[in-house]
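*Asks:* Give me a 3D structure for the following:
(one chain, ligands or ions: 1)
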Amino acid sequence: MGRVLVIGAGGVSTVAVKKMAMNADVFTDIMLASRTLSKCDQIAADINNIKVQTAQVDADNVEELVALFNKFKPDLVVNLALPYQDLHIMDACLEYGVSYEDTANYEPLEKAKYEYSWQWAYKDRFEKAGLTAILGCGFDPGVTGVYTAYAAKHHFDEINYLDIVDCNAGDHHKAFATNFNPEINIREITQRGKYFEEGVWKDTDPLSVHKPLNYPNVGPKESYLMYHEELESLTKHFPTIKRARFWMTFGQEYLTHLRVIQDIGMARIDPIDYNGQKIVPIQFLKAVLPNPGDLGKNYTGETSIGCRIRGMKDGKEQTYYVYNNCSHHAAYLETGAQGVSYTTGVPAMIGAKMFMKNIWKKPGVWNVEEFDPDPFMKELNEQGLPWHEQFNVDLEM
Ligand code: NDP
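*Replies:* Numbering: from 1, shown residues only. The predicted structure is shown next:
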C-alpha cells in the first residue's frame, strides 16, 4: 500500500518499526534511517517477514534528508528522532514533497521550551503542497488527543474539564533511569508547571502541586501537575474546555535523584568548558544513564494513562474516564522494548496506517484530535493498546 521512512532508531522506533512489519500489507516498503547505522541494522535484523532497508542520516541536515528521500521515495516520513529535528525534517519533507508524522513537538536545543507555534506555522506550506503533517501521534500527546476527540464525538455535547493522568506503576529495577530519552525527559520534568483555567494559563513551581490519584488495577499513586504539550492544542480545538491539566506519577526515589541531578548542575543544558572541550552536562548525563530502550528485560508492572473528563450531555453533567493499561513485560515479550516505548510506538504506527489508508489524509498541519477518532480507536484495540471506559465515576478532580 505504501512506502514509509522512519527516522530515529531508539526505543520508540524499535516498537513502531516492528509493528509496521506486523502490518506489512499496509507498509509494503520500510526504511529505517538514523544517526547511528548499527542501531538501525540491529532493529532490522529482528524482523523476518519483510526486509527493512537501513541508512545513515543526520536529520539536522536538510540536504542529506532530501537526498535520502530521493533515493527511497517515501509516501510518508515518520520522525521518531528527537524534537530538535522536527523543523529540519518538515523542511526536507516540503522540499522533496512527502507527508510527515511525529510524536513530540519542536523544542529548540538551547532552550527547554516547547510549543506548537513553530510547527503550526508550516500549515499554509503543507496545505499548498498538498501534503499532510500529523503532529504528536504517540500516547501523550497522541492517544490522549484521540480519546478527547472520541469523548467529544460520542459522549458529550461539551467538554468542560479535562485531566490527563499518566501513571507508570512499573519497576525497572535500576536506581535511576528515564523511560524515554533522558535529555528530553529531564528537560520536560524540571520545567515550571502550567495549566489552563478560565481562558488563562496558570504557572506553578516545578512539581509543587500533587495529590494521590487512584489508577485502575494499580491503586493510589502520588500524581504531580506538569505542563504537557497536548494541553495547548486540546484547549484550542475544544474551546468549551474551562480547565485542562496534566498529571504524572513519580516515585520518591526518582524525585530524589532528580533533585540531586539538578542541585549538582548535571541538568544544565548550556555548554561548559571541560579540559578545553565544550560539553553539555545533560548530554553527558545521558551517555552514562541506562538506555531507555534496554530497560525492558527486567521491567515489571504496568502503565495506566487516560483522560478524566467532565462535561454536559443532553443538559446533564456527566463524567467519563477512558484509559489504557499496558504491561511492561507483555510489551517486552512482543517487541523487546518496555511499556513507555510501546505505548508511544504503537500509536505512531497506527497514525501512519491511518495515513496510508487515506483515512487521516488532508493537506495541512494537524494535531491528532482534528481527525476522525473512530478508526484509530478501533486499531488501538487490535494493535495491543485496548482501552476501557467508565461512566459517571468519581474523577477525584
Ligand atoms: P531515543 O533517544 O531512544 O531515540 C532517538 C533516536 O533519534 C536515536 O536513535 C538517535 O540516534 C536518533 N537521533 C537523534 N538525533 C538525530 C539526528 N540529528 N539525526 C538522526 N537521528 C538522530 O528516544 P526515544 O525513542 O525514547 O524517543 C523518540 C521520540 O519519541 C522523542 O522525540 C520523544 O520525545 C518522543 N516520545 C513521545 C512520547 C509520546 O507519548 N508522545 C512518549 C515518549 C517519547 P543515536 O542512536 O545515534 O543517538
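*Asks:* contacts and neighbour counts: CA atoms only from here.
*Replies:* Fine.
*Asks:* and stretch 97-117, does that touch the ligand?
*Replies:* Yes - if you take Cα under 6 Å from any ligand atom as the test, stretch 97-117 does meet the ligand, through 103, 104.
*Asks:* Over to stretch 181-193?
*Replies:* Yes - shown here: stretch 181-193 in contact with the ligand (Cα under 6 Å from any ligand atom) through 181, 184.
*Asks:* Quick one: residues in contact with that stretch.
*Replies:* The contact list for stretch 181-193 (Cα atoms under 8 Å, 6 or more residues apart in numbering) reads 82, 112, 178-179, 203-207, 225-227, 258, 267, 282-283, 286, 289, 291-292.
*Asks:* Just the ones in helices from those, please.
*Replies:* In helices, defined here by DSSP state H, the members of the contacts of stretch 181-193 are 258, 282, 283, 286.
*Asks:* give me the beta-bridge partners of the residue nearest to residue 323 when sequence neighbours are not counted?
*Replies:* Using Cα to Cα, 6 or more residues apart in numbering and skipping the chain neighbours, the partner closest in space to residue 323 is residue 306 (3.8 Å). Using DSSP bridges, the bridge partners assigned to residue 306 are residue 165, residue 323.
*Asks:* Tell me the pLDDT of residue 306.
*Replies:* What the model reports for residue 306 is a pLDDT of 98.
*Asks:* who's in contact with it?
*Replies:* Listed by Cα under 8 Å, 6+ apart, the contact partners of residue 306 are 144, 147, 164, 165, 166, 321, 322, 323, 324.
*Asks:* In the stretch 251-397 of the chain, what residue spans correspond to strands?
*Replies:* Across the stretch 251-397 of the chain, reading from the start of the chain, the strands by DSSP state E, counting those that start in this stretch fall at 272-274, 277-279, 300-313, 316-327, 364-367, 388-391.
*Asks:* Measure how the longest one sits relative to strand 316-327, angle-wise.
*Replies:* Looking back up the chat, that one is strand 300-313. Calculated by axes from the mean of the first three to the mean of the last three Cα atoms, to 10 degrees, strand 300-313 forms an angle of 160 degrees with strand 316-327.
*Asks:* how about strand 300-313: buried residues?
*Replies:* Neighbour counts using 16 or more other Cα atoms under 10 Å place 300-311, 313 of strand 300-313 among the buried residues.
*Asks:* any idea which of those is closest to the ligand?
*Replies:* residue 305 (10.0 Å; Cα to the nearest ligand atom).
*Asks:* Was I right to think the closest one contacts residue 324?
*Replies:* Yes - proximity of residue 305 to residue 324 meets the contact threshold set by Cα atoms under 8 Å, at 5.7 Å.
*Asks:* thinking again about what came up before, can you tell me which of the contacts of residue 306 is nearest the ligand?
*Replies:* Ranked by distance to the ligand (Cα to the nearest ligand atom), those are led by residue 144 at 8.8 Å.
*Asks:* What is the neighbour count of the closest one?
*Replies:* Neighbouring residues of residue 144 were enumerated by other Cα atoms under 10 Å; the total is 26.
*Asks:* now check the helix or strand it falls within, is it near the ligand?
*Replies:* Applying DSSP states H and E as the criterion places residue 144 in helix 143-154. No - taking Cα under 6 Å from any ligand atom as the criterion, helix 143-154 and the ligand are apart, separated by no less than 7.9 Å.
*Asks:* Specify the angle between that helix and strand 300-313 in degrees.
*Replies:* 30 degrees.
*Asks:* burial of residue 289, as a residue count?
*Replies:* One way to gauge burial is a neighbour count; for residue 289, by other Cα under 10 Å, it gives 12.
*Asks:* From here on, call the first residue 46.
*Replies:* Got it, first residue is 46 now, which makes that one residue 334.
*Asks:* what's the closest residue to it other than its chain neighbours sitting at in phi/psi?
*Replies:* The spatial neighbour of residue 334 that comes closest, neighbours along the chain excluded (Cα to Cα, 6+ apart), is residue 222 at 6.4 Å. Taking degrees, to the nearest 10, you get phi -160, psi 150 for the backbone angles of residue 222.
*Asks:* So residue 222 is in contact with residue 335, correct?
*Replies:* Yes - look at residue 222 against residue 335 with Cα under 8 Å: they come within range, at 5.8 Å.
*Asks:* Pull the contacting residues for residue 363.
*Replies:* Contact analysis of residue 363 by Cα under 8 Å, 6+ apart lists 355, 356, 357, 436, 437.
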